[in-house]
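[1] Need coordinates for the below:
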Amino acid sequence: MRLCDSLSNRRSLIIWIDILTPKQMLFFTPLIQDLRLKGHEVLTTSRKYLEVELLASLKDFDLMIIGRHGGESLLEKLKASSERSLQLFDYVKKLGIDYAISFSSPECARVAFGMGVKHFCISDSPHSEKVCRLTIPLSEILLTPSVIPYSAWSKYGINKDRIVRYNALDPAVWLKRRSTQLAKKKDFGLSISKKTISVRLEESQASYLLNSDKSYSKKLLDSLVLNFPDCEIFVLGRYSSQIKDIKKSFGSKVNITTNAVDGAGLLSVSDVFIGMGGTMTAESSLLGVPSISAFQGAQLYTEKFLIKEGLLVRPENIDQIINMISKLLHNQDHKKKLQKKAKTILENMEDPVSIMIKTLENFALETRIL
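    From the prediction side, this is the model:
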């Protein structure tokens, strides 16, 4: 029987997706929509986490909030994760779930494994060692960008034949589906007469940054305020404590919002972007915005790809960042070239959502679930 004939006679799947960050919500939204259009039932969970709750409200996205984020303490992470695993088990145990999907959610992977449910993991973060060790070995399939070598994953106990790679970076999912309506500076309370430098703060409570320099973001913002007094500095925080700290330290010298923001829209009206994480840095680069990586960890595979393609630069220190901004702010020819190159690269990327659905349905057919 041909695959298409098999699919036409299939039963619907019940799929549980655990969504922990704004990036995951942006990635999973079209996946959920497409799965439901195909007749599958999708259940979504999350945890108490400021950015996710704000974005869910902005997007009118229905989430079952279960458990909490453990913060930066390892013991609190352990406690919160253990409590959440039990709460998730109580929620999903009677739902007849066929598959679980997450971006390396330790609780989702553990609960699914304990229930005998296959877990599909999506990840572009082999550098997040602690999370990977808790999820990759428990996952049936890992889906990941092709710019990340198999060797980066094999150390976590997964064979090459269980890794599905897509020729894209994760932001391609929502950037390819982005509205053609152009954002404007006034949408974000920004002056059209001033240059905008947007900064995405680090994920300071992530396990892979617990030993990083906690004062680095303040030092960077201090230098930006000092060297670019005529620019508007728009800061995107991650945690309520982080946002309060920046507000207390800088007041009206920077613009830091407590509301959910259309990230791609903000980036499109930014003159320069500085990213201290991975996702928005890739997103900005693929939009052709002059982008600078200020990530404190080792260079990411996604960064290496973007730097090689000429879409991203990674200075070695704050002084070099300031010098690079000075060069980029007023170089319109360079920006036009970046936008043209980024558009071509993005257009040639695959759609990870299509590959995820194909992988899921093929697996279900092979194992006679569909």
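
[2] And the pLDDT at the closest residue to His69 other than its chain neighbours?
    Leaving aside its sequence neighbours, His69 sits nearest to Tyr49 (CB to CB, 6 or more residues apart in numbering; 4.8 Å). To be clear about C-beta, it is placed using only N, CA and C from the backbone, and glycine gets the same treatment. In the prediction, the pLDDT value recorded for Tyr49 is 79.

[3] Can you list the buried residues in the longest helix along the chain?
    Ranked by number of residues, the top helix in the chain under DSSP state H is helix 74-92. Buried residues in helix 74-92, counted by 16 or more other CB atoms under 10 Å: 77, 80-81, 84-85, 87-88, 91-92.

[4] for stretch 192-202, same thing?
    Applying 16+ other CB under 10 Å to stretch 192-202 flags 195-202 as buried.

[5] Quick check: which element contains Glu303?
    helix 301-308 (DSSP states H and E).

[6] Centre of the chain to the helix or strand just after that helix, how far?
    Beyond helix 301-308 on the C-terminal side, the first helix or strand identified by DSSP H and E is helix 318-328. Taking CA atoms, centre = their mean, to the nearest Å, one finds helix 318-328 lying 26 Å from the centre of the chain it belongs to.

[7] try stretch 34-49
    With CA atoms, centre = their mean, you get 17 Å for stretch 34-49.

[8] can you tell me the distance between the two ends of that stretch?
    26 Å (CA to CA, to the nearest Å).

[9] what do you get for stretch 63-79?
    22 Å.

[10] low pLDDT regions in the chain?
    Counting by pLDDT under 70, the chain contains low-confidence ranges at 1-10, 58, 204-213, 368-370.

[11] Pull out the buried positions in stretch 216-223.
    So, applying 16+ other CB under 10 Å, buried residues of stretch 216-223: 216-217, 220-221.

[12] can I have that stretch written out in CSV, keeping just the CAs?
    This file holds the C-alpha atoms of stretch 216-223, laid out as CSV (Å, rounded to 0.1, in the frame of the first residue of the first chain):
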residue,chain,number,x,y,z
TYR,A,216,28.3,41.4,31.7
SER,A,217,25.0,42.7,30.5
LYS,A,218,25.1,45.7,32.7
LYS,A,219,28.7,46.5,31.6
LEU,A,220,27.5,46.2,28.0
LEU,A,221,24.5,48.5,28.5
ASP,A,222,26.7,51.0,30.4
SER,A,223,28.9,51.2,27.3
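
[13] which residues touch it?
    Residues outside stretch 216-223 that contact it (CB atoms under 8 Å, 6 or more residues apart in numbering) are 199, 201-202, 204, 233, 235, 246, 249-250, 254, 274, 276, 294, 296, 318-319, 321-322.

[14] Could you confirm Leu221 falls within a helix?
    Yes. Under DSSP: H, G, I helix; E, B strand; the rest coil, Leu221 falls within a helix.

[15] ok so, going back, using JSON lines, lay out the buried residues of stretch 192-202 together with secondary structure.
    Formatted as JSON lines, the buried residues of stretch 192-202 follow (three-state DSSP):
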{"residue": "Lys195", "secondary structure": "coil"}
{"residue": "Thr196", "secondary structure": "strand"}
{"residue": "Ile197", "secondary structure": "strand"}
{"residue": "Ser198", "secondary structure": "strand"}
{"residue": "Val199", "secondary structure": "strand"}
{"residue": "Arg200", "secondary structure": "strand"}
{"residue": "Leu201", "secondary structure": "coil"}
{"residue": "Glu202", "secondary structure": "coil"}
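
[16] What is whichever strand in the chain runs longest packed up against?
    Taking DSSP state E as the criterion, the chain has its longest strand at strand 41-48. Contacts defined by 3 or more CB pairs under 8 Å, 6 or more residues apart in numbering; DSSP states H and E place strand 41-48 against strand 14-18, helix 22-37, helix 50-58, strand 64-68, helix 74-92.

[17] name the helices or strands packed onto the very next helix or strand once past the longest one?
    Sequence order places strand 99-102 as the next helix or strand after helix 74-92, per DSSP H and E. Using 3+ CB pairs under 8 Å, 6+ apart as the contact criterion, the neighbours of strand 99-102 among helices and strands are strand 14-18, helix 22-37, helix 106-115, strand 118-122, helix 352-366.

[18] Which among those is found nearest to Ala168?
    Nearest to Ala168, of all these, is helix 352-366, at 5.4 Å by CB to CB.

[19] still on that earlier bit, I'd like to know which of the helices and strands packed on strand 41-48 is closest to Tyr99.
    Using CB to CB, the helices and strands packed on strand 41-48 put strand 14-18 closest to Tyr99, at 5.1 Å.
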